[in-house]
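Enquirer: dropping the sequence and predicted coords here.
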Amino acid sequence: MPDIPIGVLTISDRASQGVYEDKGGPGIEAALADLLATPWRPVRRLTPDDRAQIEAALIELADAERCPLILTTGGTGPSPRDVTPEATEAVCDRVLPGFGELMRTKSLAEVPTAILSRQIAGTRGSCLIVNLPGKPSAIRTCLDAVFAATPYCIDLIGGPRLETNPKFCVAFRPKS
């Protein structure tokens with residue numbers, strides 16, 4: 001079975017200009033290395049906080065690179081330059097509000113400022129796009145919160161089957 005391409009899109013003016021190192025993209029990849037048993041490979045992109053460039057990167061990753069999952073990091077706060085949710089919504093066929101709701105709920109247990117986060121998720125064809133925060137620890141909190149539904153959603157929209165790492169399956173099993 002060939003490796004499944006997974007889009008990892010970092011959105012940051014400063015990281016895209018080389019002012020500081022991208023830690024969000026590697027944070028996503030580290031979390032996926034733990035969570036996924038299915039062979040996968042990252043398809044990395046880095047853009048500034050520019051809506052047109054974010055939209056173009058999402059479309060390229062979904063349509064040209066055929067990623068069944070795109071995880072973004074950054075640009076989900078309330079500042080005027082934070083436009084990731086707007087760009088995501090613009091390219092999606094359907095928005096899945098439960099992802100953002102659950103990520104904020106889980107994050108609020110750790111930091112009171114999580115209420116300021118505007119991350120969303122949606123589908124574009126057979127691709128699931130999920131916005132994550134920029135901080136690696138917050139990325140992991142959010143991915144852990146929604147990952148149980150992620151492979152199932154990708155399956156429902158016609159994407160490839162993703163298997164969760166068995167050592168993490170216990171955390172994702174529904175309670176009986």
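Expert: Cool, got the structure. Numbers count the residues shown, from 1 in each chain.
Enquirer: helix/strand/coil for the residue lying closest to Thr10 once chain neighbours are set aside?
Expert: In space, and not counting its chain neighbours, Thr10 is closest to Gly25: 4.3 Å by CB to CB, 6 or more residues apart in numbering. Heads up, the C-betas are built off the backbone N, CA and C, glycines and all. The three-state label given to Gly25 by DSSP: H, G, I helix; E, B strand; the rest coil is helix.
Enquirer: try the one 3 residues further on
Expert: Using three-state DSSP, the secondary structure recorded for Ile28 is helix.
Enquirer: how many neighbours does it have?
Expert: Applying other CB atoms under 10 Å, we find 25 residues neighbouring Ile28.
Enquirer: and for Asp22?
Expert: When counting by other CB under 10 Å, one arrives at 20 neighbours for Asp22.
Enquirer: residues contacting the nearest residue to it once chain neighbours are set aside?
Expert: Counting by CB to CB, 6+ apart, Asp22 lies nearest to Ala15, which is 4.3 Å off, once chain neighbours are set aside. Residues counted as contacts of Ala15 (CB atoms under 8 Å, 6 or more residues apart in numbering) are Glu21, Asp22, Gly24, Leu46, Gly74.
Enquirer: count residues in the vicinity of the closest residue to Leu58 other than its chain neighbours, would you?
Expert: Closest residue in space to Leu58, ignoring its immediate chain neighbours: Val91 at 4.8 Å, by CB to CB, 6+ apart. Burial of Val91 is recorded as 20 neighbouring residues (other CB under 10 Å).
Enquirer: and if you look at Ser137?
Expert: 12.
Enquirer: need the pLDDT of it.
Expert: You'll see Ser137 listed with a pLDDT of 91.
Enquirer: would you say it is within a strand?
Expert: No - counting by three-state DSSP, Ser137 falls outside a strand, being helix.
Enquirer: quick one, what contacts it?
Expert: Taking CB under 8 Å, 6+ apart, we find Ser137 in contact with Gly27.
Enquirer: how far away is it from Thr105?
Expert: Distance of Ser137 to Thr105, computed by CB to CB, to the nearest Å: 16 Å.
Enquirer: what do you get for Asp155?
Expert: With distances taken as CB to CB, Asp155 is found 24 Å from Thr105.
Enquirer: these two: who's more crowded?
Expert: Under the criterion of other CB under 10 Å, the comparison of Asp155 against Thr105 puts Asp155 first, with 14 against 11.
Enquirer: name the element the more buried one belongs to?
Expert: Mapping Asp155 onto the secondary structure by DSSP states H and E places it in helix 150-156.
Enquirer: mind giving me the packing neighbours of that helix?
Expert: Contacts of helix 150-156 with other secondary structure elements, assessed using 3 or more CB pairs under 8 Å, 6 or more residues apart in numbering; DSSP states H and E, are made with strand 127-132.
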